[in-house]
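Colleague: Next one to model:
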Amino acid sequence: MANHKSAIKRMRQNEKRRQRNRARKTRIKNLIKAVNQAIEEKSIEKAEEKLRLAQKIIDRTAAKGTIHHRNAARKISRLMKKVSALKKAVGE
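Modeller: Numbers count the residues shown, from 1 in each chain. Model (predicted):
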């Protein structure tokens, strides 16, 4: 347990940041699940809408430093690839 005033404050700050980061990461996971669910339903419009929102939130989370920018780019890339594959499959 911290004894110094500055160490106690640092513990409070770390806990707040941990909770904030956890919420952001959970939101990303839920958005990715929503995009994948729309893809499974073969709903192009819904998938594109969810993808747009997911991309926005993932980029924002990376900008805040919760996840690495390359991790964010990889997640977005994989989602876009799946949506594009759905468009081609349904379009044929």
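Colleague: where does this protein dip in pLDDT?
Modeller: 92 (pLDDT under 70).
Colleague: so where do the helices sit in the chain?
Modeller: 5-40, 44-64, 69-91 (DSSP state H).
Colleague: Please identify the most buried of those.
Modeller: helix 44-64 (a mean of 16; mean count of other C-beta atoms under 10 Å). Where you see a C-beta, it was placed from the backbone N, CA and C, and this is true even at glycine.
Colleague: contacts for that helix?
Modeller: Here helix 44-64 makes contact (C-beta atoms under 8 Å, 6 or more residues apart in numbering) with 24-25, 27-28, 31-32, 34-35, 38-39, 67-69, 71-73, 75-76, 79-80, 83, 86-87, 90.
Colleague: relative to helix 5-40, how tilted is that helix?
Modeller: 160 degrees (axes from the mean of the first three to the mean of the last three C-alpha atoms, to 10 degrees).
Colleague: contacting residues for the most centrally placed residue in the chain?
Modeller: When C-alpha atoms, centre = their mean is applied to the chain, the residue found nearest the centroid is residue 28 (2.5 Å). The neighbours of residue 28, taking C-beta under 8 Å, 6+ apart as the test, are 54, 57-58, 61, 67, 75.
Colleague: out of those residues, what pair is the most spread apart?
Modeller: Farthest pair in these (C-beta to C-beta) is 54 and 67. Separation: 13.0 Å.
Colleague: For residue 19, state which of the contacts of residue 28 is nearest.
Modeller: residue 61 (14.5 Å).
Colleague: which non-adjacent residue is nearest the closest one?
Modeller: residue 24 (4.8 Å; C-beta to C-beta, 6 or more residues apart in numbering).
Colleague: The one you found and residue 65 touch, don't they?
Modeller: No. Look at residue 24 against residue 65 with C-beta atoms under 8 Å: they stay out of range, at 10.0 Å.
Colleague: hang on, the earlier thing: measure the residue nearest to the centre of the chain to residue 59 for me?
Modeller: 11 Å (C-beta to C-beta, to the nearest Å).
Colleague: One more: residue 20?
Modeller: Per C-beta to C-beta, residue 20 is found 17 Å from residue 59.
Colleague: now residue 71
Modeller: 11 Å.
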